[in-house]
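> Dropping the sequence and predicted coords here.
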Amino acid sequence: MSGRVLAVTNQKGGVGKTTTVANLGAALADAGARVLLVDLDPQCSLTLSFGLRPSEVARSSCELLAEPEAEPHGAVVAVDGEGGALDLVPASRRLGDLEPRLAQATAKELYLREALAPVVGEYEIVLVDTPPNLGVLTINALTAAHGVLVPLQPEFLPLQGLGDLDATIAVLRRYRVNPELAIVGVIATMATRRLVLEREVLEAAAALEVPLLRTRIPRSVRFAEAPAHGRPLVRWLPEHPGAAAYRRLAEEVQDVRLAA
C-alpha cells in the first residue's frame, strides 16, 4: 500500500522523536521503500539532522502550510536515499511565526493534508516530525495522518504525554476530523537497564490499549552526535546497536503499515 502517512509525536520533548523519524526513515529507505520525511517543528531539528541549514532553505513546510494550493514538489529535497529513496520537506524558523497566524485560519487543521495530497502517492510511507506539543502544527500532522507512532521514553512524564495524545486523537475521531486515526505503535526509546521502571511504564502504556512495538531503542550519546555529521546514526555508524535497533523497528513498521 502506498501513501501511508504516519505522524510521529509525543507532547513531551526529549523522548527521541526526531531521532526516530530520521533513523526510521533511513532504515525504511535502505530496505527499499520510497520514504518522505516532513519536518513540521519550528526547531528544525530534523532538517539539521540531514545537514541542511534552515536559513538557506528556499521552500519549506512553512510555505506548504502558508500556500496549501501551491505545487508542493519544490519543497522536497533528496537526502541520501541509499537502497531506496529518502526525501525531506525541510523546516525553517519561519514556522514559528506562521503558527499563531495559522491558529486563526478557517479549517486550519486541514492545511497539511491538502498540501501533501499531490505528493503522498509517490511514496510508500511519509513520516511527519511534530513539535513537542499539541498545538496547531501537531493537529495538522494528526489530521493528515493514517496512523500515529509515539516515541515513549519509559519514564513517568512521557507517559503522561501519551495519555494526553490519546485523548486528543479521540477528539479528532469524535468530531470526524480524522475518524479512522489511531495510535499504531508505541516505541520504547532511550531504554536503559532500569528494568523495573521501564516495565512499570510500559505496562501502564499497555493499559491505555495502545499497541507496544517489540523493538526497544537503547539510550546512546551517539544519537546526539549524529546530526553533527549530517546523517542519522543508521547511516553514520551502521553497526552501532542503536542503528541495528532502528532497522528492526523498520521491519515492524512495515508490518504495521501493511496490516493497517
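Happy to help now that I have it.

> quick one, strands of the stretch 151-260 of the chain?
Counting by DSSP state E, counting those that start in this stretch, the stretch 151-260 of the chain has strands at residues 183-191, 212-218.

> can you redo the ones you listed as TSV with distance to Leu28, mean neighbour count and mean pLDDT?
For the C-beta atoms, the positions are set from N, CA and C on the backbone; glycine is no exception. Putting the strands of the stretch 151-260 of the chain into TSV (distance: least, CB to CB, whole Å; neighbours: other CB atoms under 10 Å; pLDDT from 0 to 100) gives the following:
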stretch	distance to Leu28	mean neighbour count	mean pLDDT
strand 183-191	13	23	95
strand 212-218	13	19	95
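
> now those strands in a markdown table, with distance to Asp80?
Compiled in a markdown table, these are given as follows (distance: least, CB to CB, whole Å):
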| stretch | distance to Asp80 |
| --- | --- |
| strand 183-191 | 22 |
| strand 212-218 | 21 |
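
> Can you say which of the ones you listed is nearest to Gln11?
Closest approach to Gln11 among the strands of the stretch 151-260 of the chain (CB to CB): strand 183-191, 13.3 Å.

> between that closest one and strand 212-218, what angle do the directions make?
If you take axes from the mean of the first three to the mean of the last three CA atoms, to 10 degrees, strand 183-191 sits at 20 degrees to strand 212-218.

> what's the closest of the strands of the stretch 151-260 of the chain to Glu67?
Glu67 lies closest to strand 183-191 among the strands of the stretch 151-260 of the chain, at 30.3 Å (CB to CB).

> now what about the closest one, what contacts it?
6, 15-16, 19-20, 147-154, 162, 165-166, 169, 198, 202, 205, 210-213, 215-219, 249, 252-253, 256, 260 (CB atoms under 8 Å, 6 or more residues apart in numbering).

> List only those of those residues flagged as buried.
Buried subset of these (neighbour count, 16 or more other CB atoms under 10 Å): 6, 15-16, 19-20, 147-154, 162, 165-166, 169, 198, 202, 205, 210, 212-213, 215-218, 249, 252-253, 256.

> Just the ones in helices from those residues, please.
Judged by DSSP state H, the subset of those located in helices is 19-20, 162, 165-166, 169, 198, 202, 205, 249, 252-253, 256.

> Which of the residues you listed sits closest to Gln11?
So of these, ranked by how close each gets to Gln11 (CB to CB), first place is Leu165, at 6.2 Å.

> Return the residues in contact with the closest one.
If you count contacts by CB under 8 Å, 6+ apart, then Leu165 has 9-11, 134, 148, 150, 183 around it.

> same deal with Leu110?
140, 143.

> Ala144 versus that one, what's the distance?
Remark: distance between Leu110 and Ala144 (CB to CB, to the nearest Å) = 8 Å.

> what sits up against stretch 166-175?
Against stretch 166-175 from outside (CB under 8 Å, 6+ apart): 134, 139, 142-143, 148, 177-183, 208, 210.
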